[in-house]
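Sharing a model prediction with you, sequence too.
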Amino acid sequence: MTAIETDGLTKRFDGGVVAVDDLDLRVEEGEVFGFLGPNGAGKSTTIDVLLDYVRPTEGTATVLGMDVRDESETLRKRVGVLPEGFGLYDRLTGRRHLEFATEWKDADDDPDAVLDRIGLDRDDAVRSVGDYSKGMAQRLALGMALVGDPDLLVLDEPSAGLDPNGIRRMRELVREEAASGTTVFFSSHVLGQVEAVCDRVGILDDGELVAVDTVEGLRRTVGAGSELRLRVTDPVELDVTDVAGVESAASADGILRVECSDSRAKARVVTRLANTGVEILDVDSEAASLEDVFAAYTTDGGPDTEDEQPVTVKGVSA
Ligand SMILES: Nc1ncnc2c1ncn2[C@@H]1O[C@H](COP(=O)(O)OP(=O)(O)OP(=O)(O)O)[C@@H](O)[C@H]1O
């Protein structure tokens, strides 16, 4: 089943702003889908339509096989939402919030189990949330989204305010949810996190979907390759340019630098060298980051795929 499907979805606001423009989007069940786009691209408006907070001007949207306008009550029980800028009730405790979420979803979650999952201390759970730090409130809101074992999780900037441990826990939770069959729709400007957890990403620009693929696939499309650096005993004699996915190779100062258009080529190069008896002393690698890919799609009319030019390579991924 397709977890999210939009056909010709358009939202035009009073005043003429077209926030979402003829959007055809498909998110498959069980995948973690990253939803990216510059400020004002239309991401929040799309999410609002999917949750039936906003009605589209044209087109349709289905979630878990149901039309969002006809089945919004049913969907509210099956979809967990962590909205950006969520509101909590200052005078109520964290535990009470979880109990409310559980009642609202007709679920039977044990609040202590949820607290343990999100890493919120049980003593803190009996304090009023008005006294919570930003990260504690964010953990609680994530916990509320997880209540009721949702079939779809919609997370808008889920790492906002979280410390590094909280970010790691959030990523683990996303992967755990996906492993249990939950679809995760993950909207964020923190591209490193999107890259770390998402199976595929969609990039929205000016209300239009300009790219949908795996991060690896997007890298290939924009010609954003990766570089492999090998310290070997005698690099001068080596030629690996016939290895599939290798663009060029050059050696200097005992280092062989191999430009790859496809990151899988790196493993092929290492295998080739090992098979020819070359001693590899050290290996290092850099891949174009999702940031580079994002910039290629959202500036200057998108990537020129006719004549693929490598974009700036940065971000170390050994
Ligand atoms: N209620 C509204 N009335 C009029 N225009 C709106 C309304 N809501 C959003 N817009 C406009 O729609 C466009 C898309 O906004 P949206 O909030 O969906 O973008 P976004 O991708 O979520 O941006 P950001 O990354 O900054 O959160 C913007 O031009 C915005 O000004």
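Done, it's in. Numbering: from 1, shown residues only.

Flag every buried residue along stretch 188-207.
188, 191, 193-205, 207 (16 or more other Cβ atoms under 10 Å). The C-beta positions use only the backbone N, C-alpha and C, and glycine is treated the same way.

T183: how many residues sit nearby?
25 (other Cβ atoms under 10 Å).

so it touches L152, yeah?
Yes - between T183 and L152 a contact is recorded at 4.8 Å, counting by Cβ atoms under 8 Å.

Which SSE is immediately downstream of the host helix or strand of E259?
Per DSSP states H and E, E259 falls inside strand 255-260. Once strand 255-260 ends, the next helix or strand along the chain (criterion: DSSP H and E) is helix 264-275.

quick one: V129 from the ligand, how far?
24 Å (Cβ to the nearest ligand atom, to the nearest Å).

Might you report the residue contacts of the nearest residue to that residue once chain neighbours are set aside?
Leaving aside its chain neighbours, V129 sits nearest to L88 (4.7 Å; criterion: Cβ to Cβ, 6 or more residues apart in numbering). By Cβ atoms under 8 Å, 6 or more residues apart in numbering, the contact set of L88 is H97, V129, Y132, A137, L140, A141.

one step back: for the strand holding E259, which residues meet the burial criterion?
L256, V258, E259, C260.

circling back to that earlier point, hey, what's in contact with both of T183 and L152?
A3, I4.

who's in contact with L173?
Counting by Cβ under 8 Å, 6+ apart, L173 touches R117, I118, L142, L146.

Could you list the residues of the stretch 51-200 of the chain in contact with the ligand?
By Cβ under 6 Å from any ligand atom, no part of the stretch 51-200 of the chain sits against the ligand.

What score does the closest residue to R264 other than its chain neighbours have for pLDDT?
Closest residue in space to R264, ignoring its immediate chain neighbours: G245 at 6.2 Å, by Cβ to Cβ, 6+ apart. You'll see G245 listed with a pLDDT of 86.

Next, work out how far apart V270 and the ligand are.
Relative to the ligand, V270 is positioned 40 Å away (Cβ to the nearest ligand atom).

For the stretch 151-300 of the chain, just list every one of the helices.
164-179, 191-197, 215-221, 264-275, 290-298 (DSSP state H, counting those that start in this stretch).

Pick the most buried one from those helices.
helix 290-298 (a mean of 22; mean count of other Cβ atoms under 10 Å).

so where is the chain shaky, pLDDT-wise?
223-224, 235-237, 263, 300-318 (pLDDT under 70).

Now do the domain split for it, please.
Domain segmentation of the chain under automatic domain parsing yields 2-213, 223-298.

coming back round to it: only whichever of the contacts of L173 are buried, select them in PyMOL.
Of the contacts of L173, the buried ones can be selected in PyMOL as follows, counting by 16+ other Cβ under 10 Å:
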select buried, resi 117+118+142+146
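
how many other residues sit next to the closest residue to I203 other than its chain neighbours?
Spatially, and ignoring its direct neighbours in sequence, I203 is nearest to A211 (4.5 Å; Cβ to Cβ, 6+ apart). Neighbourhood size, A211 [other Cβ under 10 Å]: 21.

any idea how far A211 lies from L82?
Separation of A211 from L82 (Cβ to Cβ, to the nearest Å): 25 Å.

And A107, by the same measure?
16 Å.

what about these two, which has more around it?
In this view A107 and L82 are compared by other Cβ under 10 Å, and L82 has more residues nearby, 22 against 13.

beta partners of the more buried one?
Taking DSSP bridges, one finds L155 as the beta-bridge partners of L82.

can you tell me how far it sits from the ligand?
14 Å.

who touches that residue in this structure?
So L82 contacts A141, L142, M144, A145, L153, V154, L155, D156, P158 (Cβ under 8 Å, 6+ apart).

In a helix, the residue nearest to V129, correct?
No - with DSSP: H, G, I helix; E, B strand; the rest coil as the criterion, L88 is coil rather than part of a helix.

That one and D284, how far apart?
45 Å.

How about L50?
42 Å.

the more surrounded of these two?
The neighbour count for L50 versus D284, taken as other Cβ under 10 Å, is higher for L50 (25 against 13).

and the more buried one, what does it touch?
By Cβ under 8 Å, 6+ apart, the contact list for L50 reads I4, T6, A61, V63, V68, V154, F185.

What of R117?
G143, L146, L173 are the contacts of R117 under Cβ under 8 Å, 6+ apart.

V283 touches L230, doesn't it?
Yes - the pair V283 and L230 qualifies as a contact (Cβ under 8 Å) at a distance of 5.7 Å.

which residues in the stretch 1-150 of the chain form strands?
Applying DSSP state E, counting those that start in this stretch to the stretch 1-150 of the chain gives strands spanning 2-12, 18-28, 32-36, 58-63, 66-67, 79-82.
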